[in-house]
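[1] Got a sequence here, can you model it:
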Amino acid sequence: MKIKISDKYEPLFQRPNGVDTYIVTGGRFSSKSYTVAIAAVNWAARLNHRILYGRYTNVSGKDSTFPEVEEKIKLLGWDAAFNININRIESTQNDSKIVFKGFKTGSNIQTASLKSLKDFSSLIVEEAEEIPDFDTYEKVSLSIRGNNNTNPEPNIKVLILNPTTKEHWIYKEFFEAKGVEAGFNGVKDNVCYIHTSYLDCLDFVPDDIIRSFEEMRIRKPKRYENIVMGGWLDKAEGCVIEDWKIGPFDDSLPSVYGMDFGYVNDPTTLVKIATDDNNIYTELKLHRKGMSTPDIITFLEQTVTKNDLILADCAEPRLIEELQIAGFNVVACRKGPDSIKNGLARLNEKTIVSRSEDVEMHRELNNYVWNDKKSNTPIDNWNHILDSLRYGYDELVQDNGFYFV
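    Sure thing, here's the model as predicted:
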């Protein structure tokens with residue numbers, strides 16, 4: 001059966017030389033999943049590929065990935081060519097197969113067992129934006145090594161995704177690091193980029209959907225560019241900090257420092273803070289992982305005076321005491337009821353001014369979002385500098401001479 005698809009998807013069926021990875025991006029009604037499922041069935045039937053197909057969060061093939069592929073087998077009229085079982089589809093003509101599996105097991109964050117993945121020659125990941133980091137993806141992708149004499153085709157990895165923000169590891173690894181512009185269609189090194197939108201598939205988009213997209217384009221252009229056209233966001237939706245801009249630090253004002261501690265997974269941060277009637281001025285001094293107590297002491301000796309007031313995370317009393325013994329004016333912040341909610345509300349009363357070179361702070365400002373807006377609960381991520389900012393800012397503004405954060 002002949003099926004009409006956009007010409008932009010041609011590389012899925014006529015693979016360019018040297019390509020082993022596809023990055024397939026697009027917005028709603030761009031036919032990403034539809035077309036990749038057709039390609040997967042073709043790879044299994046005609047090229048003898050053994051395909052691991054799934055999402056990061058699914059633990060069985062009963063989610064959308066399995067019926068998507070099953071539907072394409074029937075659409076192509078290839079029912080007799082495959083045996084369809086729960087979580088797997090096997091060829092009746094060669095040793096190809098399509099197995100549906102999740103990379104996240106249950107409610108924990110460990111990836112699924114990789115012991116049996118050496119028999120697969122292709123990996124297809126739906127909603128790849130759900131994968132939290134490059135390491136998680138790499139553990140699975142490096143295990144796809146099922147090439148053998150019966151299948152001379154090189155192994156394939158396919159990431160299908162709806163773009164999120166430019167802080168996502170997929171953007172950083174496959175776009176920023178390779179010098180590839182968002183929306184690019186073509187090949188760079190070993191990667192084939194395919195980007196489409198509903199405009200490439202208009203014959204299949206209902207008229208009412210097209211009208212709603214056009215209304216969104218006019219009324220909410222940023223949302224249209226991300227959700228409909230599949231563009232990457234500079235700033236996540238629902239950011240906690242509502243108003244910030246780039247500008248110099250005002251050294252004429254009294255200042256304090258805020259400090260948050262980390263080690264393996266989180267950075268230790270130090271930010272200098274000053275304020276006037278309209279603005280909160282910030283100067284990022286430190287954002288670094290793996291710092292021991294001696295490392296922090298050495299850094300502070302080179303950065304602050306012994307009289308500078310530092311408001312630090314009260315959850316680390318031992319570390320604070322060690323810094324005090326070293327002679328620094330470090331005070332533990334106080335955490336009272338609704339401390340985070342109230343502290344963020346105070347930050348949003350003014351415009352935060354961040355220096356142009358403090359890119360790590362810009363990333364937090366653009367990616368620290370509400371987990372539950374109604375209860376004023378933010379995500380516990382992209383907040384290490386901003387936690388430091390809360391600790392220090394409250395000292396500057398509290399009338400009682402002390403602070404609750």
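
[2] In contact with residue 281, which residues?
    Under the criterion of Cβ atoms under 8 Å, 6 or more residues apart in numbering, the contact list for residue 281 reads 247, 249-250, 253, 273-275, 353. C-beta: built from backbone N, CA, C; applies to glycine.

[3] give me the element it is part of.
    Using DSSP states H and E, residue 281 sits within strand 279-288.

[4] For that strand, which residues meet the burial criterion?
    Neighbour-count burial for strand 279-288 flags 279-287 (criterion: 16 or more other Cβ atoms under 10 Å).

[5] residues making contact with the next helix or strand after that strand?
    Next along the chain after strand 279-288, taking DSSP H and E as the criterion, comes helix 293-303. Contacts to helix 293-303, defined as Cβ under 8 Å, 6+ apart, come from residues 268, 270, 285-286, 291, 310, 319, 322-323, 326, 328.

[6] quick one: low-confidence ranges for this protein?
    Residue ranges of the chain with pLDDT under 70: 1-2, 58-64, 104-118, 146-153, 399-405.

[7] if you go through it in chain order, where are the helices?
    Counting by DSSP state H, the chain has helices at residues 32-47, 65-75, 134-141, 169-171, 207-219, 221-223, 293-303, 317-325, 339-347, 359-367, 384-397.

[8] Columns distance to residue 191 and mean neighbour count on top of those helices, output as JSON lines?
    Putting the helices of the chain into JSON lines (distance: least, Cβ to Cβ, whole Å; neighbours: other Cβ atoms under 10 Å) gives the following:
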{"stretch": "helix 32-47", "distance to residue 191": "15", "mean neighbour count": "22"}
{"stretch": "helix 65-75", "distance to residue 191": "22", "mean neighbour count": "18"}
{"stretch": "helix 134-141", "distance to residue 191": "12", "mean neighbour count": "16"}
{"stretch": "helix 169-171", "distance to residue 191": "11", "mean neighbour count": "19"}
{"stretch": "helix 207-219", "distance to residue 191": "29", "mean neighbour count": "12"}
{"stretch": "helix 221-223", "distance to residue 191": "27", "mean neighbour count": "12"}
{"stretch": "helix 293-303", "distance to residue 191": "38", "mean neighbour count": "14"}
{"stretch": "helix 317-325", "distance to residue 191": "44", "mean neighbour count": "15"}
{"stretch": "helix 339-347", "distance to residue 191": "39", "mean neighbour count": "17"}
{"stretch": "helix 359-367", "distance to residue 191": "24", "mean neighbour count": "20"}
{"stretch": "helix 384-397", "distance to residue 191": "32", "mean neighbour count": "25"}
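
[9] Relative to residue 383, which of the contacts of helix 293-303 is nearest.
    Compare each of the contacts of helix 293-303 with residue 383 using Cβ to Cβ and the shortest gap goes to residue 268, at 13.8 Å.

[10] which ones are touching the closest one?
    Going by Cβ under 8 Å, 6+ apart, residue 268 touches 259-262, 286-289, 291, 296.

[11] most centrally placed residue in the chain?
    Centroid-nearest residue in the chain: residue 168, 3.3 Å away (criterion: Cα atoms, centre = their mean).

[12] just checking, that residue touches residue 129?
    Yes - at 6.3 Å, residue 168 and residue 129 qualify as touching, with contact defined as Cβ atoms under 8 Å.

[13] picking up where we left off before, name the nearest of the contacts of residue 268 relative to residue 387.
    Comparing the contacts of residue 268 against residue 387 with Cβ to Cβ places residue 260 closest, at 4.6 Å.
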